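*Asks:* sequence? don't have it. structure:
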């Protein structure tokens with residue numbers, strides 16, 4: 001789909017699939033702060049610790065203190081809770097474990113703008129790639145599910161979204177949950 005000259009793909013599955021009540025709440029709140037359509041704003045999830053969530057809510061998302069991931073040193077988001085769950089355990093960082101302790105995720109409004117759709121992993125990135133035949137850069141990176149060159153397994157399991165400017169994301173909700 002194209003809007004204002006920017007190709008916009010849908011987020012799959014939509015974050016609202018987590019729970020009908022969350023979807024209803026987010027829909028109501030989305031109307032309070034209207035964002036221009038070309039900002040390509042999406043509701044996305046970010047897994048973290050409670051301590052990091054407090055810092056993010058206080059000072060905002062900051063990719064300068066992020067670890068480098070498959071698509072560079074940016075702030076990562078996902079639409080699927082199973083993806084962000086692996087970043088919520090203090091004991092087993094970056095593993096989707098079953099530890100029985102409180103977990104924390106952030107539901108954020110993320111302005112993806114004109115995204116770059118990754119066809120290969122590149123952990124060296126510090127900002128989105130340049131657009132072809134234009135002086136401007138893309139605003140974010142989207143890694144869709146499927147075959148991915150340079151990925152450690154050669155395949156991207158979950159859709160991921162990467163921003164390199166903290167002003168592109170607003171931490172709307174901090175959600176704490178337990179693994180039963």
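*Replies:* Happy to help now that I have it. Predicted model, so just to flag it, every value in this text is computed and none were measured.
*Asks:* Now do the strands in the chain.
*Replies:* Secondary structure of the chain (DSSP state E): strands at 2-3, 6-7, 41-48, 75-78, 102-111, 115-117, 140-143, 146-147, 155-156, 160-163, 169-178.
*Asks:* Give me the below-cutoff pLDDT ranges for this protein.
*Replies:* 1-34, 94-95 (pLDDT under 70).
*Asks:* quick one: contacts for the most centrally placed residue in it?
*Replies:* Nearest to the geometric centre of the chain sits residue 77, at 1.4 Å (Cα atoms, centre = their mean). The neighbours of residue 77, taking Cβ atoms under 8 Å, 6 or more residues apart in numbering as the test, are 44, 45, 46, 84, 108, 110, 160, 161, 162, 163, 169. For every residue, glycine as well, the C-beta is placed using N, CA and C.
*Asks:* Specify the beta-bridge partners of it.
*Replies:* With DSSP bridges as the criterion, residue 77 is bridged to residue 161.
*Asks:* Against residue 160, how distant is residue 35?
*Replies:* Distance, residue 35 to residue 160, using Cβ to Cβ, to the nearest Å: 22 Å.
*Asks:* need the contact list for the closest residue to residue 69 other than its chain neighbours.
*Replies:* Nearest non-adjacent residue to residue 69, counting by Cβ to Cβ, 6 or more residues apart in numbering: residue 76, 5.7 Å away. Residue 76 is in contact with 46, 66, 69, 160, 161, 162, counting by Cβ under 8 Å, 6+ apart.
*Asks:* could you redo the last one with a cut-off of 10 Å?
*Replies:* Contacts for residue 76 were tallied using Cβ atoms under 10 Å, 6 or more residues apart in numbering; they are 44-47, 61, 63, 66-67, 69-70, 83-84, 87, 141, 143, 160-163.
*Asks:* Residue 63 reaches residue 73, doesn't it?
*Replies:* Yes. Assessed by Cβ atoms under 10 Å, residue 63 is found in contact with residue 73 at 6.2 Å.
*Asks:* who touches both of the two?
*Replies:* Common contact partners of residue 63 and residue 73 (Cβ under 10 Å, 6+ apart): 126, 127, 162, 164.
*Asks:* Tell me how many other residues surround the third one.
*Replies:* If I follow you right, that is residue 162. 26 (other Cβ atoms under 10 Å).
*Asks:* Of the shared contacts of residue 63 and residue 73, which qualify as buried by neighbour count?
*Replies:* When neighbours are counted using 16 or more other Cβ atoms under 10 Å, the shared contacts of residue 63 and residue 73 contain these buried positions: 127, 162, 164.
*Asks:* Present the contacts of residue 77 as TSV; the columns should include distance to residue 98.
*Replies:* What follows is the contacts of residue 77, written out as TSV (distance: Cβ to Cβ, whole Å):
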residue	distance to residue 98
44	24
45	19
46	21
84	16
108	25
110	28
160	22
161	26
162	27
163	30
169	29
